[in-house]
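> Return a 3D structure for these sequence lines:
(one chain, ligands or ions: 3)
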Amino acid sequence: MTEKFIYDISEGDASMKPILGGKGAGVAEMMRLGVPVPDGFTVTTAACVETMNNNGEWPDGLREQIAEGLKRFEERTGRTLGGKDNPLLVSVRSGAVVSMPGMMDTILNLGISDDTVAAVAAEADNERFAWDCYRRFIQMYGEVVEGISGHLYEDALSAKKAEKGVEGDTDLTAEDLKELVAEFKQISDEALGGAWTTDPVEQLYRAVDAVFRSWGNPRAEVYRKANNISRDLGTAVNVMQMVFGNRGETSATGVCFTRNPSTGEKGIYGEFLTNAQGEDVVAGIRTPRHLSEMEEVLPEAYHELLDTMARLEGHYKDMQDLEFTIENGKLYMLQTRNGKRTAAAALKIASDLVDEGVIDKAEALRRIEPAQLDQLLHPAIDPSNTAKPITKGLPASPGAAVGGLVFDADTAAEKGEKGEAVVLVRYETTPDDIHGVLVAQGVLTAHGGMTSHAAVVARGFGKPCVAGATTIKIDVEGKKLTIGDHVFNEGDVVTLNGSTGEVFGEALKLIPPRINEDFQRVVAWADEVRTMGVRANADNFEDASKARELGAEGIGLCRTEHMFMAADRLPAVREMILAENAEQRATALEKILPMQQSDFEGIFTAMKGLPVTVRLLDPPLHEFLPNYLDQALKVQELELTGGDAETLAKERATLAQVKKLHEQNPMLGTRGCRLAMLYPEIPEMQTRAIIRAALAVLDREGETVGVEIMIPLVGLETEIITQREIVDRTVKDELAAAGKELDYTIGTMIELPRAALIADKIAEHADFFSFGTNDLTQTTLGISRDDAENGFLTAYVADGVLPHNPFETIDTEGVGQLVRMGVDKGRSHNPKLKCGVCGEHGGDPDSIDFLQTVGLNYVSCSPFRVPIARFAAAKAAM
Ligand code: ADP
Ligand code: MG
Ligand code: MG
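Ligands and ions are numbered 1, 2, ... in the order given. All right, here's what the predicted structure looks like:
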């Protein structure tokens, strides 16, 4: 028996999302609930996947099954596709398992043809309407299915309007549209060299195939990549009877949310247009009206809609994003899905639903996407700002954006990828602009509402967006934006406030984000659930304070070389590195010690007794030294210009030192504890600074400190033995000299494969392990972290050679196994060994999910990722 590829809508339900896609399962569930939806059938995602895997060829039986599904559909409705009497008109809609708003194709009004147009007109008693559907259909079908360039139709439409001396599409009469349809047909037939099909049944097959293909179009690819959606899922295709929102003033179409997707507030949130087809709203072509205004125009349908909204939200126990159409006063629902929302809204909705008794805390946590919380950590406009906005649009996606104007998505992508802050301004954004939206700071559009695809997508990515700013004039060719008397060119800086819709003609000062009450409340639930600790990586007082404020339970990594980079220290540090003998080195270290001590005092003070892991110097030497080539040139120049002898001698000596220390592969060179093995006075100095700082803070009333000293880049047992001895001896010296006591521990980084392999031996000399997964990734995969992204790694990820960038999400198969082995071996020697991860992976939700299985005590990440890690760790533990 061949696989079942077709389901009547009445056969499906919400649980069948994987095969029917989100839209198909949603419509089926609504039908089951008795909510009015158009009838039809769904082609499964499996049919799409098989077609993809078979070079575009349909699987056996699909065509026949569609024909049978259509026959049943025709019997139920008493209509025929392509029939002269009672013609059936359908939409052919894409519908992925994970919603991808506007990324794929949908064709409306299929079934209208020379044979059927008269019956459509007669039934609606509206000839203009029928011909308008017909011309819309040819354009949509021609573009989407046959790949005919849209502007051929647009140009013909404009020419027709000019010829008739009218402004808007709606001013064209039935007769005008009839002529236009004839022209559209001719354009289509010419574009296809005579191969234009007019048979609706054949058109249906082709439309289904086009929707399959749209799964692979570039914007869908970009969207999937950005959202980590697998290409293997495929899209379903929904064939549904058309209902018409464009049959006159008692017809309408719209989109609504059961709660505000920007803020999470309860209330009526939606938009509609009378006498329009759905695409007009979601594609942002016309700026729609606020839903509350519908009460006056179509009161009955309005109240039925509100009831349906409440019912569907109650049924799904989550905020719904709905599409509806009203045909001659009768309401039809076309789509329901859990609405995309900003992180702020996600927290508010989850928190409110718990209060309303709809869901429990665990469910609330399950619904929060940790990675999305990043948005909350976006800056806002400084409230003391006094600048006046130059215009106002709709607040389509909250947050503030400052950037130079760009007028097209390609330029935005190009500049954005270089790290330039840009604001993308468009007449309306289409899903084709997605690559530009992704890298822009924010988006400004002249047209389109808050429920347009552009707005939905911007909210999903946390990009501030001001939409429908109708007073702005955009000249794309000339790259000019005019707002009142202000004229802006490409690169001129503006500020958007996506929370209010305001646009400012200058760069405004932004303030760091604040964490609100909903956040505090929900993250506290996360803390109850998680078993891993969350620490932060911080090297100074400010970062450490921020980390504590965001809930860090300690510092997992304090990098001392960052402290060495500051301008006032670099000379002393260079002096230390370039020292020719122990005496010179001692002098340099003398200078550095008090500076280090004051840094550590700051951090200990900020952390108020929480543990602080201080890593001893891990120097990529070249970062501290003058560049070899530059130094050589300097000497040569002095030689040529005959500079004074003393300077020349000094620069020559430096050159000789730099040359001596120069390494071909600094990342595999004198790094980590290797420098400390050569010059024990360096770890001695650092240990003294740490202990003196700790004692100074302890002396202040009521303060405690948690000192953990960490030895970097150990690969050999002798290294840890030697270094531990140096540190331990120095601590004891310092404490004895001060006549004080202090608890402290000494541990090591595991960041070389060899260290993981001999972790049991290393554990004999370490109180804790911190897995430095950045270096461990670099050394395990043999990929230079600093160079890879400019070269092959990007291609590897794009081509699927690697599933993702291993520096962002841990390579569980390789690096992950070394971490697991390191923990297991280490604990085989010392069951109480404390193990953590510091490095980018410590703040990455997918990596955290894996690290939970390894049995770590904590993860450590940058301060701003701490809240994300708290949520991710909770989800990993659930
Ligand atoms: P997308 O996934 O891009 O939102 P949809 O399949 O939802 O695409 O179609 C876009 C719009 O077309 C819908 O919002 C709806 O208004 C309109 N539409 C789709 N199917 C029908 C139908 N059967 N009758 C009337 N309008 C429809
Ligand atoms: Mg839709
Ligand atoms: Mg390292």
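> which non-adjacent residue is nearest the residue in the stretch 151-300 of the chain positioned nearest to ligand 1?
Residue nearest to ligand 1 within the stretch 151-300 of the chain (CB to the nearest ligand atom): Gly278, separated by 1.5 Å. From N, CA and C alone the C-beta is placed, and that goes for glycine too. The shortest distance from Gly278 to any non-neighbouring residue, by CB to CB, 6 or more residues apart in numbering, is to Thr253 (4.6 Å).
> That neighbour is in what secondary structure piece?
Using DSSP states H and E, Thr253 sits in strand 252-259.
> returning to what we had before: give me the neighbour count for the residue of the stretch 151-300 of the chain closest to ligand 1.
Close neighbours of Gly278, defined as other CB atoms under 10 Å, add up to 22.
> any idea how far it is from Val466?
Plainly put, Gly278 is 24 Å away from Val466 if you go by CB to CB, to the nearest Å.
> Same question for Glu74.
47 Å.
> higher neighbour count, the two?
Legend: neighbour count by other CB under 10 Å for Glu74 and Val466, higher for Val466 (32 against 15).
> list the contacts for Thr670?
619, 621, 661, 663, 678 (CB atoms under 8 Å, 6 or more residues apart in numbering).
> Switch those residues over to CSV; also include pLDDT.
Output for those, formatted as CSV (pLDDT from 0 to 100):
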residue, pLDDT
Pro619, 78
Leu621, 75
Leu661, 82
Glu663, 85
Leu678, 90
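> Check these against ligand 1 and report the nearest one.
Of the contacts of Thr670, the one sitting nearest to ligand 1 (CB to the nearest ligand atom) turns out to be Pro619, at 53.9 Å.
> Can I take it that the closest one is in a helix?
No: assessed with DSSP: H, G, I helix; E, B strand; the rest coil, Pro619 is coil; it does not lie in a helix.
> right, and it touches Glu561 too?
Yes: in this structure, Pro619 is within contact of Glu561 by CB atoms under 8 Å, at 5.4 Å.
> Neighbour count: these two, which is higher?
Taking other CB under 10 Å, Pro619 and Glu561 do not tie; Pro619 has more neighbours (23 against 18).
> May I have the residues that are in contact with the more buried one?
561, 564, 577, 670-671, 675.
> Next, count neighbours for the residue of the stretch 151-300 of the chain found nearest ligand 3.
For the stretch 151-300 of the chain and ligand 3, the shortest gap (CB to the ion) falls at Asn228, measuring 27.3 Å. When counting by other CB under 10 Å, one arrives at 12 neighbours for Asn228.
> Please apply the same query to Cys861.
Cys861 sits with 28 neighbouring residues when counted by other CB under 10 Å.
> picking up where we left off before, now the strand holding Thr253, how far from the centre of its chain.
A distance of 25 Å separates the C-alpha centroid of strand 252-259 from that of its chain, computed with CA atoms, centre = their mean, to the nearest Å.
> and that strand, average pLDDT?
In this model, strand 252-259 has a mean pLDDT of 95.
> Over to stretch 73-92?
Mean predicted lDDT for stretch 73-92 stands at 97.
> For Pro611, list the residues it contacts.
Contacts for Pro611 (CB under 8 Å, 6+ apart) come out as 535, 553-555, 706, 708.
> tell me the least confident of these?
Gly706 (93).
> count of neighbours near the residue nearest to Tyr332 when sequence neighbours are not counted?
Residue nearest to Tyr332 in three dimensions, not counting chain neighbours: Val243, with 4.6 Å by CB to CB, 6+ apart. Other residues within reach of Val243, judged by other CB under 10 Å, total 25.
> Contact partners for Val243?
Contacts of Val243 (CB under 8 Å, 6+ apart): 38, 325, 327, 332, 334.
> What ranges does the stretch 201-350 of the chain have for its strands?
Here the stretch 201-350 of the chain has its strands, by DSSP state E, counting those that start in this stretch, at 235-241, 252-259, 266-274, 289-290, 320-327, 330-338.
> which of the ones you listed is buried the deepest?
Burial of the strands of the stretch 201-350 of the chain is given as mean neighbour count (mean count of other CB atoms under 10 Å); strand 235-241 ranks first at a mean of 28.
> For that one, output the C-alpha coordinates as PDB.
C-alpha atoms of strand 235-241 as PDB (Å, rounded to 0.1, in the frame of the first residue of the first chain):
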ATOM      1  CA  THR A 235       6.300  21.900   4.100                       C
ATOM      2  CA  ALA A 236       2.800  20.700   3.900                       C
ATOM      3  CA  VAL A 237       0.400  22.100   1.300                       C
ATOM      4  CA  ASN A 238      -3.100  23.100   2.200                       C
ATOM      5  CA  VAL A 239      -5.700  23.300  -0.500                       C
ATOM      6  CA  MET A 240      -8.700  25.200   0.800                       C
ATOM      7  CA  GLN A 241     -11.900  26.700  -0.500                       C
END
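> Tell me the one of the contacts of Pro611 nearest ligand 1?
Looking across those and measuring by CB to the nearest ligand atom, the closest to ligand 1 is Arg535, at 42.6 Å.
> Is there a neighbour count for Gly782? I'd like the number.
7.
> likewise Leu851?
Counted with other CB under 10 Å, the neighbours of Leu851 add up to 30.
> cool, and Glu528?
There are 10 residues near Glu528, going by other CB under 10 Å.
> now Asp13
Asp13: 15 neighbours (other CB under 10 Å).
> Make CSV out of the strands of the stretch 201-350 of the chain and add distance to ligand 1.
Compiled in CSV, the strands of the stretch 201-350 of the chain are given as follows (distance: least, CB to the nearest ligand atom, whole Å):
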stretch, distance to ligand 1
strand 235-241, 4
strand 252-259, 5
strand 266-274, 10
strand 289-290, 15
strand 320-327, 4
strand 330-338, 5
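> Mind putting these into CSV with distance to Leu510?
As requested, the strands of the stretch 201-350 of the chain are exported to CSV (distance: least, CB to CB, whole Å):
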stretch, distance to Leu510
strand 235-241, 39
strand 252-259, 28
strand 266-274, 27
strand 289-290, 30
strand 320-327, 30
strand 330-338, 31
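> so which strand or helix has the residue nearest to Arg652 when sequence neighbours are not counted?
Excluding its sequence neighbours, the residue lying closest to Arg652 (CB to CB, 6+ apart) is Val635, at 5.7 Å. Per DSSP H and E: Val635 is located in helix 628-641.
> which of the residues in that helix are buried?
631, 634-635, 638 (16 or more other CB atoms under 10 Å).
> contacting residues around it?
Contacts of helix 628-641 (CB under 8 Å, 6+ apart): 643, 647-648, 651-652, 654-655, 658-659, 662.
> Stretch 147-157 now?
For stretch 147-157, the external contacting residues (CB under 8 Å, 6+ apart) are 135, 138-139, 142-143, 169, 180, 183-184, 187-188, 191-192.
> Try it again at 10 Å.
For stretch 147-157, the external contacting residues (CB atoms under 10 Å, 6 or more residues apart in numbering) are 135-136, 138-144, 158, 169, 172, 177, 179-180, 183-184, 186-188, 190-192, 196, 210, 213.
> How far away from the center of its chain is it?
With CA atoms, centre = their mean, you get 34 Å for stretch 147-157.
> Next, the buried residues of that stretch.
Quick answer for stretch 147-157 (16+ other CB under 10 Å): 148, 152-153, 156-157.
> what mean pLDDT does the one helix or strand Lys825 maps to have?
Secondary structure assigned from DSSP H and E places Lys825 in helix 817-829. Averaged across helix 817-829, the pLDDT comes to 97.
> what's near enough to touch Pro93?
If you look again at residue 93, you'll see it is Arg, not Pro. Arg93 neighbours (CB under 10 Å, 6+ apart): 21, 23-24, 27, 40, 42, 104-108, 207, 211, 235-240, 334-335.
> 6 Å instead, please
Applying CB atoms under 6 Å, 6 or more residues apart in numbering to Arg93 gives the contacts 106, 238.
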